[in-house]
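Engineer: give the three-dimensional model of this entry:
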Amino acid sequence: MKTDSFTLRKLFFAADGQEDAFVSFESGLNIIYGGSNAGKSFTLKAIDFMLGADNLKMPKQGEHYNTAYLWLDLPDETKVTLQRATIGGQFKLYEGHISHLEAHSLSGTVLAANLKGRSMRVSKMDTLPEFILRQIGINSVELVKNLSGEKNRLSIRLLSHYILISEEQMIAERSPIQIPDQRMSSLDKSLFRFLLTGQDDSSVVEVPSTERLSASRDGKIEIISELLATLDEKIKSTDTNEYLEDQALHITSAINNIHEEVAIHQVQLDAMLTARRELFESKETNESILAELQAMLSRLNELKSVYESDIDRLMGLEEGGFLLHMISGQPCVLCGADAIHQHYSDGLEEVEIQQKAALAEIEKIRIELTDLKSTIASLEAEVIGIEKRIPMLAENIKEVETKISVLRPQEKDVRTRYERAILVRADIVNRQNVLRQRTEYQSMIEKLTLMKVGRQKADGLSVDVSTSIAYDFSQTVKRVLEAWHFPDIEEVHFDAKIQDIVVNGRERTHNGKGIRAILHSAFKVALLIYCRDKKLPHPGFIVLDSPLLTYRGPLQFEKHGELSDDEVRFKQTALNEYFYDHLASLATIGQIIVLENQDPPFEILNKANILMFSGEKGTGRQGFFPPL
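Structural biologist: The predicted model follows:
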């Protein structure tokens, strides 16, 4: 059975004389985000329309486009183009990815939108649902729609709510397997069972005979008995409800105590790490200040040298003037002439003025030099203090690191004990589940044994998935939620009564809108993963509209109301970042298109094909269609 995927490549609208309005998609994760009413949800509706929905309401900006196209890569890598008038009706299928202009010169193959739309004149006309399902290995699958055994033929329209999940579906308080706008029916359950097993209901007889019902009942009893025997092999001699309940209480108490130890050790370790960081910062700050002070002292000492040099120079000038005055009026030392015969007395007054000026400048510089020396002495004292402080800080850092080296192994040991205790509790819970399943199987056998068989209706017909398959699927959902770092995830199971998942004992519908959207998304993504793991057919692509509603901003409160308490708690986590990262990692098994209001995290930019619709008042691309 083929299990490869379709890949959406391009969705565009065209009209003669107009530029195409389009959105392109890549393999793997695609994200279209932006403000409300920008055309994101229209993208989902348009894809739905190109997969056979009856009609499509065009926005005002797109009313002048009359033809829609969808480029697809088929599972065998063949490229095709679907064409359909925006008012609805039949499809045309073209080979290759073609343009609107090329479609005018090509004939194409006509496909009916559904079985009712098949031309009476061409009774063998292929239909779009048959064509699409045939590509993923689904041929003529029949599903019971009621317990009388009446059947519906599987179509892509029935599958659409598993691959095209609108915002309304995300937050609805109905089961994820339920066809929108309809009551829960056997058809919903039968379809879900088919997706998880690959087995349809074509062999179900509408009005079975007593013998067939008896054989069916005995066969079920035999199968359940075999399952019961398998469970009996897993049950230990000591396993009783009372014993396991006592063990569960004991290990839960131990876990709580260890958890308190973990918290204490973590607080101590955090305090030491904080102290070490503060000491490092203080040491670096002091080293930086020391370098600055030393540089400043170097500059001030240079200035001191300049002051002292200036004083020496001025002292020389003053002494020269003094000598000139001393020899004035004395016989010439060279020729012995008396003072009265000498003619060099001119300018002595100026020399005296310069001498006084030099003395004044010397006094001024000495005052400044005194202040400078005081400043230098103060800085040198500060440098000495810091030079003493830095080794002390280094010693303190060493002491804190010694304490950290002691605390880390202790903290690791406590965490190891905690993890082991968690594993023990998981084993106890698993054994309790085995006992619970055993009781359920025994009850089922008793009911089957007492079941009356007759022709009134298809008694004994069960459209629910088996307990073991439901368990396997719920574990896939759990793995998805764990990959998304869903807070405090411990247990996930599929409740057959409500046909929905229950997380940590809490039904999905008992959460706020945003949490319901996250859990609904996990359900549909897990189904894709489950089908790929089990080599079961699946179209291979999913469109999720507003899965991260929990992270909505105040502008969206008017539409969806303010955040509930559980949504507030979830909004404080990084689930949105792990959500996108996990979806990007699924590129090898399928294509996922996310339509969201919030900006995607920066870390996902290189892992996804991302397009922003800014809205009517935004910049850049405003929406799917260009503004009027």
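
Engineer: right, and Ile518 touches Leu548 too?
Structural biologist: Yes. Under the criterion of C-beta atoms under 8 Å, Ile518 lies in contact with Leu548, with a separation of 7.2 Å. All C-beta spots, glycine's among them, are computed from the backbone N, C-alpha and C.

Engineer: which residues are common contacts for the two?
Structural biologist: Common neighbours of Ile518 and Leu548 are listed as Phe579 (criterion: C-beta atoms under 8 Å, 6 or more residues apart in numbering).

Engineer: which one's more surrounded, the two?
Structural biologist: For the pair Ile518 and Leu548, the greater number of neighbours falls to Ile518 (27 against 24), based on other C-beta atoms under 10 Å.

Engineer: check contacts around that one.
Structural biologist: Residues in contact with Ile518, defined by C-beta under 8 Å, 6+ apart, are Trp484, Phe486, Pro547, Leu548, Thr550, Phe570, Leu575, Phe579.

Engineer: what strand or helix carries the closest residue to the fourth one other than its chain neighbours?
Structural biologist: Using C-beta to C-beta, 6 or more residues apart in numbering and skipping the chain neighbours, the partner closest in space to Leu548 is Asn576 (5.1 Å). Of the helices and strands defined by DSSP states H and E, Asn576 is found in helix 575-584.

Engineer: what mean pLDDT does that helix have?
Structural biologist: Helix 575-584 shows a mean pLDDT of 94.

Engineer: what's that helix packed up against?
Structural biologist: With contacts defined as 3 or more C-beta pairs under 8 Å, 6 or more residues apart in numbering; DSSP states H and E, helix 575-584 has these neighbours: strand 29-34, helix 467-483, helix 513-533, strand 591-596.

Engineer: burial measure for Glu395, as a count.
Structural biologist: Residues contacting Glu395 under the criterion other C-beta under 10 Å number 11.

Engineer: over to the one 5 residues further on?
Structural biologist: Other residues lying near Val400 total 20 when counted by other C-beta under 10 Å.

Engineer: now do the host helix or strand of it and helix 467-483, the angle between them.
Structural biologist: For Val400, the element it lies in under DSSP H and E is helix 348-450. Angle, helix 348-450 to helix 467-483, by axes from the mean of the first three to the mean of the last three C-alpha atoms, to 10 degrees: 180 degrees.

Engineer: show me where pLDDT drops low in the protein?
Structural biologist: Where the chain drops to pLDDT under 70, the residues are 1-3, 115-125, 207-213, 318, 320-334, 336-348, 351, 452-460, 553-561.

Engineer: where do the helices sit along it?
Structural biologist: Ranges of helices in the chain, per DSSP state H, are 40-49, 100-103, 128-135, 156-163, 167-171, 186-197, 210-234, 241-327, 348-450, 467-483, 513-533, 557-560, 565-571, 575-584.

Engineer: what about Glu168, distance to Ser27?
Structural biologist: To Ser27, Glu168 is 28 Å away according to C-beta to C-beta, to the nearest Å.

Engineer: quick one: which of these two has more around it?
Structural biologist: For Glu168 versus Ser27, the count of surrounding residues by other C-beta under 10 Å is larger for Ser27: 16 against 12.

Engineer: burial count for the residue nearest to Leu548?
Structural biologist: Here the count is done by other C-beta under 10 Å, and Asn576 has 22 residues near it.

Engineer: pretty sure it is touching Leu549, no?
Structural biologist: No. Contact status for Asn576 versus Leu549: not in contact, 10.7 Å apart, counting by C-beta under 8 Å.

Engineer: show me what stretch 93-104 is in contact with.
Structural biologist: Contacts to stretch 93-104, defined as C-beta under 8 Å, 6+ apart, come from residues 9-10, 12, 14-16, 20, 67, 69, 71, 78-83, 92, 106, 108-111, 131.

Engineer: Gln499 touches Gln178, doesn't it?
Structural biologist: Yes. Distance between Gln499 and Gln178: 7.2 Å, which falls inside the contact criterion (C-beta under 8 Å).

Engineer: which neighbours do those two share?
Structural biologist: With contacts taken as C-beta under 8 Å, 6+ apart, Gln499 and Gln178 have Met184, Asp188 as neighbours in common.

Engineer: what subset of the contacts of stretch 93-104 is buried?
Structural biologist: When neighbours are counted using 16 or more other C-beta atoms under 10 Å, the contacts of stretch 93-104 contain these buried positions: 9, 12, 14-15, 67, 69, 71, 80-83, 92, 108, 111, 131.

Engineer: picking that back up, other SSEs contacting the helix holding Val400?
Structural biologist: On a contact count with 3+ C-beta pairs under 8 Å, 6+ apart, helix 348-450 meets helix 210-234, helix 241-327, helix 467-483.

Engineer: may I see those helices organised as CSV, with distance to Ile156 and mean neighbour count added?
Structural biologist: Putting the helices and strands packed on helix 348-450 into CSV (distance: least, C-beta to C-beta, whole Å; neighbours: other C-beta atoms under 10 Å) gives the following:
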stretch, distance to Ile156, mean neighbour count
helix 210-234, 31, 14
helix 241-327, 46, 14
helix 467-483, 22, 19
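
Engineer: kind regards, and thank you for your time.
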